[in-house]
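1. please find the sequence and the predicted model below.
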Amino acid sequence: MLQNFVNIFRVKDLRNKVLFTLLIVGIYQLGSNIPVPGVSYSAIHQLVTQSQGAGVFGFLDLFSGGALSRAALFGLGIMPYITSSIIIQLLTGVIPKLSEWRDQGSAGERKITQTTRYLTIGLALLQATGLAFVFHSGLGILLANQKSLDLIPNFTVPRVLFIVLTLTAGTALVMWMAESITERGVGQGMSILIFANVVSIIPSGGRLIFDQAGAAKFSVIVVVVLLLLVAIVFVEQGQRRIPVVFARRVVGRRMYEGGNSYIPLKVNQAGVIPIIFASSILYFPVLLSNIIPVNSFRTFVNNHLLNATSGFYIITYGLLIIVFTFFYVTVAFDPYQQAEIIRKQNGYIPGVRPGQATQQYLSRILNRITLPGALFLAAIAVIPSILLSAWHITSFPYAGTTILISVIVALETVKQINSQLTMRNYKGFLK
């Protein structure tokens, strides 16, 4: 294993990619610890203490690596870019113009990327504006308590505009860094930055659980986490390979030989996207509770949606993950489009007629393989929460989400490094 790490730095191109990725991650962590001008540093210190594993703020802080509770330059993190990318991906199958761009190849991809960037800036402006007002007077509901905490005591229009522009500029810089990692580094940029955020919170989260649960219960939690790690690696490697046979074809005066290939359908085809979707849906009523002045609604939100270890939250969270897994896989993998591609390339699946029969076959296989993947995602996300709820441990209730994101991104990055080493006749990490 040590020799494999040495091989990474023997290949100049791969070495530069790894070092560039580490440099960008270092810059990102630096920006996540520099507060925006105009906020109260003493209030930030109180916020960091109160927001650990608390309510909506605890979950949002997870994806920003603690930058949100520090009111840092990169406080919004990568979430606006992720949200924008998901929205554009979902709308591609609905809006004809986006579908047309998708079919145009690299030129269309550039147009879609540019649209994603514009939408990211728009979302960042909206979120930064809302965050400025939340920092001033709305932290009580997000922290699942009624303690008043004002991060912007001098709440004037120029200061608020400056904070909003600073947070938006930070999001734009984070977006550029994510795209730079994808183009010039190792791994997928957004995933790498999320991985860096999540991993940076794990030590403090483990410490919180140890302080509240004690050594014995903490040891049991560690064993459960290790078993979950093994399960995640096992399921992530699983896939259903659908064989495809391509016949000979003549194009002009040239004859192209046929061959055999396959369509790999992963058990966890959706990755961590359903978890992000489900979390966003669950926290939408929490944001509405700031607007709707109904005491019964606010009481329900405080008792169930702001407590990530409550039975209602766990059951609803798991069901939403299953629903969004099917939804995302259906949008991301279009059986009709895949069947058309196979037909146009003069190919067929053995035993299945081309055209509509192929489409129905792919849809049936996709649904059958998505069900265990959805149940797996839901189980990984809620099992640690169930364990923490049984022992009345409220610290760091997002352990399952943290583990899932960390392992999936690490596996994908190692696979990419492994392919680079194998291509250059070096022994890779994976066998």
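-> Now that the structure is in, tell me what you want to look at. Numbers count the residues shown, from 1 in each chain.
2. give me the helices and strands touching the longest helix along the chain, please.
-> In the chain, taking DSSP state H as the definition, the longest helix is helix 356-390. On a contact count with 3 or more Cβ pairs under 8 Å, 6 or more residues apart in numbering; DSSP states H and E, helix 356-390 meets helix 215-237, strand 239-246, strand 259-266, helix 273-288, helix 311-332, helix 335-344, helix 399-423. Every residue, glycine included, has its C-beta placed from N, CA and C.
3. quick one: buried residues of stretch 174-181?
-> For stretch 174-181, the neighbour count (16 or more other Cβ atoms under 10 Å) marks Val174, Met175, Met177, Ala178, Glu179, Ile181 as buried.
4. past the helix or strand of the chain with the lowest mean pLDDT, which element shows up next along the chain?
-> Ranked by mean pLDDT, DSSP states H and E, the weakest helix or strand in the chain is helix 139-142, scoring a mean of 53. Next helix or strand after helix 139-142 toward the C-terminus (DSSP states H and E): helix 157-184.
5. any chance you could map the helices in the stretch 1-150 of the chain?
-> 2-10, 12-31, 41-50, 55-63, 79-92, 96-102, 106-133, 139-142 (DSSP state H, counting those that start in this stretch).
6. quick one, which of the ones you listed is nearest to Val164?
-> helix 106-133 (4.4 Å; Cβ to Cβ).
7. in that closest one, what counts as buried?
-> Here helix 106-133 shows 108, 112, 115-117, 119-121, 123-125, 127-129, 131-132 as buried, counting by 16+ other Cβ under 10 Å.
8. what of stretch 92-109?
-> Using 16+ other Cβ under 10 Å as the test for burial, stretch 92-109 gives Thr92, Leu98, Trp101, Arg102, Gly108.
9. now stretch 215-234
-> For stretch 215-234, the neighbour count (16+ other Cβ under 10 Å) marks Lys217, Phe218, Ile221, Val224, Val225, Leu228, Ala231, Ile232 as buried.
10. rewinding a little: out of the buried residues of helix 106-133, which one sits closest to Gly351?
-> Of all the buried residues of helix 106-133, Gly351 sits closest to Gly108, with 34.7 Å by Cβ to Cβ.
11. with distance to Leu165 and pLDDT added, can I get the buried residues of stretch 92-109 in CSV?
-> Formatted as CSV, the buried residues of stretch 92-109 follow (distance: Cβ to Cβ, whole Å; pLDDT from 0 to 100):
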residue, distance to Leu165, pLDDT
Thr92, 31, 78
Leu98, 29, 82
Trp101, 30, 84
Arg102, 33, 78
Gly108, 32, 82
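12. can you tell me which of those residues is nearest Leu320?
-> Closest approach to Leu320 among the buried residues of stretch 92-109 (Cβ to Cβ): Thr92, at 22.7 Å.
13. show me where pLDDT drops low in the stretch 1-150 of the chain?
-> Residue ranges of the stretch 1-150 of the chain with pLDDT under 70: 1-5, 45-66, 69, 137-149.
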